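Participant: 3D model of this:
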Amino acid sequence: MKDAAIEFIQKRFLLIIFLFVLLRILVAPLVWHPDVGNHVDWGARFYSYTPEKFYAPESNVWNFTWPNQPPGSIYIYAFVTKLYEIIFSIVWFLNVNISFFPSFVVPFFEQNFIYGMLKLPAIVADLLLAIAIFKITKSKVAPLVLSLIHI
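Facilitator: So this is what the prediction gives:
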């Protein structure tokens, strides 16, 4: 019985992981926590305050709260925010210049897409961790199931 369960999970592992990751990506923009507002604000202000003055007392104007995370996190938020600005400018360009572009997607990109994008680094990290658990524990049922539950 154990061998059949292991074989079933091993054969369908990539499909199962793909479905879980797809579900998380689809739900990510819809689920919101107040801390995500901080992350958006920190990512946007990183470029205006510059890295040298980001934590400085004179850079004390924040929409939500002052940054209380290490620079590595702030770099990720800044990168994702810049990537969002690029993607949104492309969507806006298409909306303005292509008459058959579905304009109903613009409000989604404007309001929710950044929240989903900020969650992508964590989703990718969870995916890599689940794959690592799978690779290390290929022959045991419980860790295989745990790796799928983790994702």
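
Participant: Every contact and neighbour count from this point should use C-alpha atoms.
Facilitator: Noted.

Participant: which residues of the chain score low on pLDDT?
Facilitator: Confidence mapping of the chain against pLDDT under 70 gives the ranges 1-3, 5-6, 9-10, 138-151.

Participant: Mind listing what's buried along the helix or strand harbouring residue 121?
Facilitator: Assigning secondary structure by DSSP states H and E places residue 121 in helix 113-136. The neighbour-count check on helix 113-136 (16 or more other C-alpha atoms under 10 Å) flags 113-120, 123, 126-127, 130-131, 133-134 as buried.

Participant: got it, and stretch 58-72?
Facilitator: Neighbour-count burial for stretch 58-72 [16+ other C-alpha under 10 Å]: 66-67.

Participant: quick one on the thing from earlier: which strands and helices lie in contact with the helix holding residue 121?
Facilitator: helix 2-27, helix 34-53, helix 71-97, helix 141-150 (3 or more C-alpha pairs under 8 Å, 6 or more residues apart in numbering; DSSP states H and E).

Participant: Same question for the second one: list its buried residues.
Facilitator: Neighbour-count burial for helix 34-53 flags 36-46, 49 (criterion: 16+ other C-alpha under 10 Å).
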